[in-house]
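Undergrad: here is the input, now give the coordinates:
(chains A and B)
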Protein chains: 2
Amino acid sequence: MHDVTHPHQHVEAHFQSSESVRDVVIGLADGLTVPFALAAGLSGAVASAHIIVLAGLAEIAAGSIAMGLGGYLAARGDAEHYASERLREQREVIERTHDEEEEIYQIFEQYGVSRAASQPVLDALKQNHPAWVDFMMRFELGLEAPDPTRARRSALTIALSYIVGGLVPLLPYMLLGNGPEGIALALRCSVLITLVALAVFGAIKGRLLGTGWLRSAIQTMSIGGAAAAAAYILARLLNAA
Amino acid sequence: MHDVTHPHQHVEAHFQSSESVRDVVIGLADGLTVPFALAAGLSGAVASAHIIVLAGLAEIAAGSIAMGLGGYLAARGDAEHYASERLREQREVIERTHDEEEEIYQIFEQYGVSRAASQPVLDALKQNHPAWVDFMMRFELGLEAPDPTRARRSALTIALSYIVGGLVPLLPYMLLGNGPEGIALALRCSVLITLVALAVFGAIKGRLLGTGWLRSAIQTMSIGGAAAAAAYILARLLNAA
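TA: Below you'll find the predicted structure:
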């Protein structure tokens, strides 16, 4: 407790690693699930492994770009939102000083702190406008200053995780034979290795996020299984119709 | 400024609507992009509109379930993370009172507020343990109490938006003829209506999120276009190989 910088560093490290973990989780979870389910669905309807692999790879290309660019723009949007809100607070601290003072009292009142007890904090903030603005950003609006390198890192992490995840369920279709029997075998192999991969991934995710590895493994496998089953049944029904 | 509850209500309304908007944006953006790109990719490689529609619908089934359930678990995970961190803070406030007091001084020191000026706030919080815990959750850890109904709402919003978005690019393949010429026509129609839909969606999104409608329209169209172009080129190359 004499290490003054510790709590803040702790919070920042916690945020940063959990954001990268979240990006890998987003990309890998969807990458393992959607191409897997698409290939399983097509297995019930087409006789050519070539078309299944083609559709799977086209899906991986589309999905990784859509998710990666989407992640990039989302992170950029967060950064811009923070910057525009910060400008607004900077103006308000100068132009609407009295309202902003009132807001500080109200923030503390939510925690049962009286006006008199908040007064010294308000006095200190009024002598330091940049700190006052930072204080309002975090305590009134609940916004964190975003990491400027995050957008690009986030986009690449999500896209690569999606590609890695998406190739797993397609491998059996690439390696095993063509025709109805080859596809039936590839489907069984794909289901097996993908469910194992989803379980391992879910267990690691549960470990990292502290939600329990077994529960997370079962949940992750269930999502992939449900998506694949729905796609398979839908494709079968449509093909029979 | 005499309306004491106003700022807090404002913040909550802001969070809630932006979360629902974010869910619609997530579902619609991916729904308009990935099935569109997949169908475009397959148009360059297969001669049957039936297979393209089948693959597209299987993708929509898989994608909406994967994203909806993924959103559900992510929201549930946030709620559980909040609950477990809150329990930890509750313990620490009692068992490590001195460390937690030190952390309050340090929070305020970041904003140039001296120990003496923070003292009255600390004294008030020490008389009210639940408020102290709430204060640490928000100001030390930067965590908001999550809305308990959010997980289910988020899952449904994302899944339905994905389905609505995904059906748009598939309509031409469903309605227009089969064979290479029918597919070529359907592809052109699909590109046209999907790019228009992406532009309209992007413009509305930009309006709602305050990032400028024109820029947002162009960005959203570019992501969809890039994903579709990549899927198309990849499928063409693989088919030629």
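Undergrad: just checking, A:Ser64 touches A:Leu156?
TA: No. Counting by C-beta atoms under 8 Å, A:Ser64 stays clear of A:Leu156, with 10.2 Å between them. The C-beta positions use only the backbone N, C-alpha and C, and glycine is treated the same way.
Undergrad: which of those two has more residues huddled nearby?
TA: A:Ser64 (26 against 15; other C-beta atoms under 10 Å in any protein chain shown).
Undergrad: where along chain A do the helices fall?
TA: Assigned by DSSP state H, the helices in chain A fall at A:6-43, A:49-95, A:97-109, A:115-126, A:129-139, A:150-175, A:179-209, A:213-240.
Undergrad: for chain A, what helix or strand is lowest in average pLDDT?
TA: helix A:6-43 (a mean of 71; mean pLDDT, DSSP states H and E).
Undergrad: the residue nearest to A:Leu32 when sequence neighbours are not counted: what's it in contact with?
TA: Closest residue in space to A:Leu32, ignoring its immediate chain neighbours: A:Gly165 at 4.0 Å, by C-beta to C-beta, 6 or more residues apart in numbering or on different chains. Neighbour list for A:Gly165: A:27-33, A:35, A:197, A:201 [criterion: C-beta atoms under 8 Å, 6 or more residues apart in numbering or on different chains].
Undergrad: closest one of the residues you listed to chain B?
TA: Of all the contacts of A:Gly165, A:Thr33 has the smallest distance to chain B: 4.2 Å, by C-beta to the nearest C-beta.
Undergrad: in chain A, where is pLDDT below threshold?
TA: Along chain A, the model assigns pLDDT under 70 to residues A:1-18, A:177, A:241.
Undergrad: how does it look with 50?
TA: Along chain A, segments meeting pLDDT under 50 span A:1-15.
Undergrad: redo the helices of chain A as a markdown table? Include distance to B:Leu238.
TA: Formatted as a markdown table, the helices of chain A follow (distance: least, C-beta to C-beta, whole Å):
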| stretch | distance to B:Leu238 |
| --- | --- |
| helix A:6-43 | 14 |
| helix A:49-95 | 6 |
| helix A:97-109 | 58 |
| helix A:115-126 | 61 |
| helix A:129-139 | 49 |
| helix A:150-175 | 11 |
| helix A:179-209 | 17 |
| helix A:213-240 | 21 |
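Undergrad: which of those sits closest to B:Thr220?
TA: Of all the helices of chain A, it is helix A:49-95 that lies closest to B:Thr220, at 8.3 Å by C-beta to C-beta.
Undergrad: who are the packing partners of that closest one?
TA: Secondary-structure packing of helix A:49-95 (3 or more C-beta pairs under 8 Å, 6 or more residues apart in numbering or on different chains; DSSP states H and E): helix A:6-43, helix A:97-109, helix A:129-139, helix A:150-175, helix A:179-209, helix B:6-43, helix B:49-95, helix B:213-240.
Undergrad: ok, now with 6 Å
TA: The contact analysis (3 or more C-beta pairs under 6 Å, 6 or more residues apart in numbering or on different chains; DSSP states H and E) places helix A:49-95 against helix A:6-43, helix A:129-139, helix A:150-175, helix B:6-43, helix B:213-240.
Undergrad: can you tell which of those is closest to B:Glu89?
TA: helix A:6-43 (12.3 Å).
Undergrad: still on that earlier bit, so which of the helices of chain A gets nearest B:Thr211?
TA: With C-beta to C-beta as the yardstick, what comes closest out of the helices of chain A is helix A:49-95 (6.2 Å).
Undergrad: pull the distance from the closest one to the chain's centre.
TA: 11 Å (C-alpha atoms, centre = their mean, to the nearest Å).
Undergrad: try stretch A:140-151
TA: 15 Å.
Undergrad: and stretch A:32-50, by the same measure?
TA: Centre-to-centre, stretch A:32-50 and its host chain are 25 Å apart (C-alpha atoms, centre = their mean).
Undergrad: list the buried residues of that stretch.
TA: By neighbour count with 16 or more other C-beta atoms under 10 Å in any protein chain shown, stretch A:32-50 contains the buried residues A:32-46, A:48-50.
Undergrad: which residues are in contact with that stretch?
TA: Here stretch A:32-50 makes contact (C-beta atoms under 6 Å, 6 or more residues apart in numbering or on different chains) with A:52, A:55-56, A:59-60, A:165-166, A:169, A:173, A:178, A:180, A:182-183, A:187, A:194, A:197-198, A:224, A:227-228, A:231-232, A:235-236, A:239, B:54, B:58-59, B:62-63, B:66.
Undergrad: can you show me the CA trace of that stretch as CSV?
TA: Only the C-alpha atoms of stretch A:32-50 are listed here, as CSV (Å, rounded to 0.1, in the frame of the first residue of the first chain):
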residue,chain,number,x,y,z
LEU,A,32,-14.9,-21.8,-35.2
THR,A,33,-18.7,-21.6,-35.3
VAL,A,34,-20.0,-20.0,-38.5
PRO,A,35,-17.8,-21.7,-41.2
PHE,A,36,-18.3,-25.0,-39.3
ALA,A,37,-22.1,-24.6,-39.3
LEU,A,38,-22.1,-23.5,-43.0
ALA,A,39,-20.0,-26.5,-44.1
ALA,A,40,-22.2,-28.8,-42.0
GLY,A,41,-25.3,-27.3,-43.5
LEU,A,42,-24.1,-27.7,-47.0
SER,A,43,-23.0,-31.3,-46.3
GLY,A,44,-26.7,-32.1,-46.0
ALA,A,45,-27.5,-30.6,-49.4
VAL,A,46,-24.6,-30.7,-51.9
ALA,A,47,-22.6,-33.6,-53.3
SER,A,48,-19.4,-31.7,-54.0
ALA,A,49,-16.7,-31.2,-51.3
HIS,A,50,-15.2,-28.6,-53.6
